[in-house]
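>>> Sequence plus the predicted model coming up.
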Amino acid sequence: MRRLNESAISFVIISSWVALSLVIGLLAGLKKKFGLEQYLVSGRALGMALVYVLLAGEIYSAFAFLGTAGWAYSYGAPIMYSLGYGCLAYVLGYFLAKYIWKFGKRYHYVTQADFFQDRYDSKTLGILVALVGIIFNIPYIQLQLQGLGYVLHVCSYGTIGVKIAMTVGLLVMIVYVFTSGLRGIAWTNLVQSILMFLVGWVILFSIMSIKFGGVGEMFNQLLVSHPGHLTLPGASGVMGVPWYVSTLILCGLGFFMYPQMWPSVYSARSSRELGLTYALLPLFSLLLIPVILVGFSAILFSIPLATPDEAVLVVAKATYPSWVVGLVGAGGFAAAASTASAIILSVSGLLASNVYKTVKPSSSNLELAWVSRAFVLLVGVLSLLLALFFPEMLVSLLLLAYSGITQLFPGVVLGFFSKRVTKQGVVSGIIAGLITIVYLQLSGIGNLFQIHLGLWGLMVNFMVLFVVMAFTGPPDEETLKRFFRCSENNDPKGHNDPKGHNDPKGHNDPKGHNDPKGYP
């Protein structure tokens with residue numbers, strides 16, 4: 001009877017939060033005119049607070065809430081890379097986001113692949129980038145769904161099966177993403193971020209004092225019982241300094257290459273607010289600290305875990321009453337849903353704007369918006385099937401996704417800052433990088449010399465790109481003028497446009513979306 005009461009209390013709290021998220025997501029889309037830009041980038045009118053929580057949702061995902069603790073429990077010190085790569089990613093984002101925002105607004109991009117297709121004047125490259133984003137983001141959605149499953153299963157004290165939990169969680173996300181698009185995700189993320197902060201620093205961090213008398217004493221006990229967890233190469237013995245540094249670099253560079261980051265940037269109402277947002281985002285990464293500490297502390301609880309990613313939830317159950325466990329479970333749901341919903345929408349946008357539109361060039365914006373909605377259903381179901389039948393450890397899934405998505409990095413950075421880079425070089429580099437990753441993975445070589453295989457792929461990518469670039473002709477002059485005319489006209493605010501916004505690619509902008517804040 002006591003177990004039943006605990007399960008009921010925790011389940012009611014989690015269910016109430018899930019229902020609240022659904023209602024907020026649905027209300028956000030009411031009375032908004034439906035269209036492609038409104039659906040995928042919220043009409044480019046979101047304020048700083050909503051853009052902040054959209055981007056922060058990419059930090060505090062199921063990986064952050066469950067996976068980091070699982071790795072701390074299983075491997076120890078190597079998980080500390082997760083505290084460093086977020087700051088590296090946001091430094092990079094601070095300098096790149098203003099360019100992405102500017103060109104997205106001027107030429108009406110709604111996806112990452114739109115930039116590649118337009119910048120390099122290549123539909124083939126646009127499709128390739130879309131496919132890379134889709135293929136390597138599906139595991140990321142899978143990661144979030146598995147996180148949902150673990151949360152609801154453990155916090156219901158085993159009465160709800162993992163598969164049922166994943167299915168219910170996905171249905172909730174699909175409803176508000178289908179209905180409200182990016183705006184619905186932003187508003188649900190706002191309330192979810194508040195809950196995640198409270199769960200992380202109030203509930204999880206307090207475990208160190210309740211059970212051990214403080215963080216220092218917890219580490220003292222760990223030093224005696226499991227010293228291998230506190231230094232590199234960790235408990236596994238294969239994650240040394242080369243692995244640590246290469247993984248940190250890979251994730252720092254690849255983080256901003258995820259396609260779901262770009263619509264969030266496009267949605268900002270001003271580049272000035274966007275820059276301030278990126279300056280403040282590293283603060284949100286601090287929420288990883290209490291989760292990692294709980295993962296370390298789980299070792300000392302001597303509770304066998306069937307799945308390491310359940311460490312946070314199991315420790316919470318061993319420390320708090322059921323109503324607190326329910327809040328932790330709600331926080332875990334919030335962490336997973338805030339990320340999964342954005343990925344589902346961005347993948348659906350890629351399929352509609354860059355794949356479907358290539359097959360049917362005459363598609364109107366309204367038609368593409370409805371096609372995006374249809375793909376929300378398809379992507380969600382496919383991700384659920386993979387999560388149900390091909391489960392993997394959460395951090396392993398994340399690193400697999402990073403390896404592939406980071407291959408877009410050269411094309412983005414050189415696209416903004418180099419006039420010499422060619423579409424042939426970018427295409428060849430991406431393909432070479434992907435082949436390298438697949439070979440290292442399937443051959444069993446893996447992380448050669450303990451350097452993450454994704455970074456090997458990126459190095460090959462750059463080398464092939466520069467070689468091919470040396471033997472191919474210069475890019476189209478008209479394309480270069482459109483992208484570099486601000487610096488050529490010596491206009492620091494980017495207002496000079498000798499072409500009068502006449503864009504041969506059909507991106508005429510009669511409203512004159514210049515940036516009055518002076519970002520280049």
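Ah, there it is.
>>> which residues does Ile135 contact?
Going by C-beta atoms under 8 Å, 6 or more residues apart in numbering, Ile135 touches Gly404. Using the backbone N, CA and C atoms, a C-beta is placed for each residue, glycine as well.
>>> check which helix or strand covers it.
helix 123-155 (DSSP states H and E).
>>> Show me which positions of the helix or strand following that helix end up buried.
Once the chain leaves helix 123-155, the next helix or strand it forms, by DSSP H and E, is helix 162-198. For helix 162-198, burial by neighbour count (16 or more other C-beta atoms under 10 Å) applies to 162, 165-170, 172-174, 176-193, 195-197.
>>> Quick one: work out the angle between helix 162-198 and helix 123-155.
Interaxial angle, helix 162-198 versus helix 123-155 (axes from the mean of the first three to the mean of the last three C-alpha atoms, to 10 degrees): 90 degrees.
>>> how would you label Phe65: helix, strand or coil?
helix (DSSP: H, G, I helix; E, B strand; the rest coil).
>>> Just the pLDDT for it.
At Phe65, the pLDDT value in this model is 83.
>>> Please give the element, helix or strand, for the residue nearest to it when sequence neighbours are not counted.
Nearest residue to Phe65 in three dimensions, chain neighbours excluded: Ala335, at 3.8 Å (C-beta to C-beta, 6 or more residues apart in numbering). Ala335 is part of helix 322-350 when elements are defined by DSSP H and E.
>>> can you tell me which residues contact Phe178?
Arg373, Val376, Leu377.
>>> Just these: which are in helices?
Arg373, Val376, Leu377 (DSSP state H).
>>> I'd like these laid out as TSV, including pLDDT and distance to Arg272.
Below are the ones in helices among the contacts of Phe178 laid out as TSV (pLDDT from 0 to 100; distance: C-beta to C-beta, whole Å):
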residue	pLDDT	distance to Arg272
Arg373	96	32
Val376	96	32
Leu377	95	37
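>>> And the buried ones among those residues, selectable in ChimeraX?
Buried members of the ones in helices among the contacts of Phe178, defined by 16+ other C-beta under 10 Å, are picked up in ChimeraX with:
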select :373,376
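>>> Low-confidence regions, this structure specifically.
Confidence mapping of the chain against pLDDT under 70 gives the ranges 1-4, 391-400, 486-520.
>>> follow-up on the earlier one: in the helix or strand just after the helix holding Ala335, what counts as buried?
Per DSSP H and E, the first helix or strand lying C-terminal to helix 322-350 is helix 357-359. Across helix 357-359, burial judged by 16+ other C-beta under 10 Å covers Lys357.
>>> same for helix 357-359, what does it pack against?
Helices and strands touching helix 357-359, by 3 or more C-beta pairs under 8 Å, 6 or more residues apart in numbering; DSSP states H and E, are helix 123-155.
>>> can we see that at 10 Å?
helix 112-119, helix 123-155, helix 365-389 (3 or more C-beta pairs under 10 Å, 6 or more residues apart in numbering; DSSP states H and E).
>>> Determine which stretch of the ones you listed is the most buried.
helix 112-119 (a mean of 26; mean count of other C-beta atoms under 10 Å).
>>> Let me know the angle separating it from helix 322-350.
Calculated by the same axes, to 10 degrees, helix 112-119 forms an angle of 30 degrees with helix 322-350.
>>> any idea how far Val355 is from Gln117?
11 Å (C-beta to C-beta, to the nearest Å).
>>> Repeat that for Gln450.
37 Å.
>>> How far off centre is stretch 173-182?
In terms of C-alpha atoms, centre = their mean, to the nearest Å, the centre of stretch 173-182 is found 17 Å from the chain centre.
>>> Ignore what I typed, I meant stretch 470-488.
Worked out by C-alpha atoms, centre = their mean, stretch 470-488 lies 31 Å from the chain centre.
>>> Any idea which of the helices and strands packed on helix 357-359 gets closest to Val412?
In terms of C-beta to C-beta, the element of these nearest to Val412 is helix 112-119, at 7.7 Å.
>>> So which other helices or strands are in contact with that closest one?
Looks like helix 112-119 contacts helix 81-107, helix 123-155, helix 261-266, helix 322-350, helix 357-359, helix 409-417, helix 423-442, helix 477-488 (3+ C-beta pairs under 10 Å, 6+ apart).
>>> one more time with 6 Å
helix 123-155 (3 or more C-beta pairs under 6 Å, 6 or more residues apart in numbering; DSSP states H and E).
>>> between the helix it packs on and helix 365-389, how many degrees?
Using the same axes, to 10 degrees: helix 123-155 against helix 365-389 is 50 degrees.
>>> by how many degrees do helix 123-155 and helix 423-442 diverge?
Using the same axes, to 10 degrees: helix 123-155 against helix 423-442 is 40 degrees.
>>> so which helix or strand takes in the nearest residue to Ala330 once chain neighbours are set aside?
The spatial neighbour of Ala330 that comes closest, neighbours along the chain excluded (C-beta to C-beta, 6+ apart), is Trp17 at 3.7 Å. In this structure, Trp17 sits in helix 2-28 according to DSSP H and E.
>>> Can you list the neighbours in contact with whichever helix or strand comes after that helix?
Remark: after helix 2-28, the chain's next helix or strand is helix 36-41, criterion DSSP H and E. The contact list for helix 36-41, computed with C-beta atoms under 6 Å, 6 or more residues apart in numbering, reads Lys32, Gly43, Val110, Gly181, Pro263, Tyr266, Ser267, Gly349, Asn365, Leu368, Ala369.
>>> quick one, what contacts the fourth one?
The contact partners of Gly181, taken as C-beta under 6 Å, 6+ apart, are Tyr39.
>>> Nearest spatial neighbour of the residue nearest the centre of the chain, chain-adjacent residues omitted?
The chain has Glu58 as the residue nearest its centroid, 4.1 Å off, counting by C-alpha atoms, centre = their mean. Counting by C-beta to C-beta, 6+ apart, Glu58 lies nearest to Thr339, which is 6.1 Å off, once chain neighbours are set aside.
>>> Quick check: that neighbour touching Ser61?
Yes - shown here, Thr339 and Ser61 form a contact pair, counting by C-beta atoms under 6 Å, at 3.6 Å.
>>> More neighbours: which of the two?
Thr339 (28 against 24; other C-beta atoms under 10 Å).
>>> what's the spacing between that one and Leu204?
19 Å.
>>> Ile343 too?
When Ile343 is compared with Leu204 (using C-beta to C-beta), they lie 25 Å apart.
>>> which residues touch the residue nearest to Glu58?
Counting by C-beta under 6 Å, 6+ apart, Thr339 has contacts Gly57, Ser61, Gln144.
>>> pretty sure the last one contacts Ser338?
In other words, Gln144. No - if you go by C-beta under 6 Å, Gln144 and Ser338 don't touch, sitting 8.8 Å apart.
>>> The closest residue to Ala62 other than its chain neighbours and Glu310, how far apart?
Take Ala62 and drop its neighbours on the chain: the residue closest to it by C-beta to C-beta, 6+ apart is Gly147, 2.4 Å away. Gly147 sits at a distance of 10 Å from Glu310 (criterion: C-beta to C-beta).
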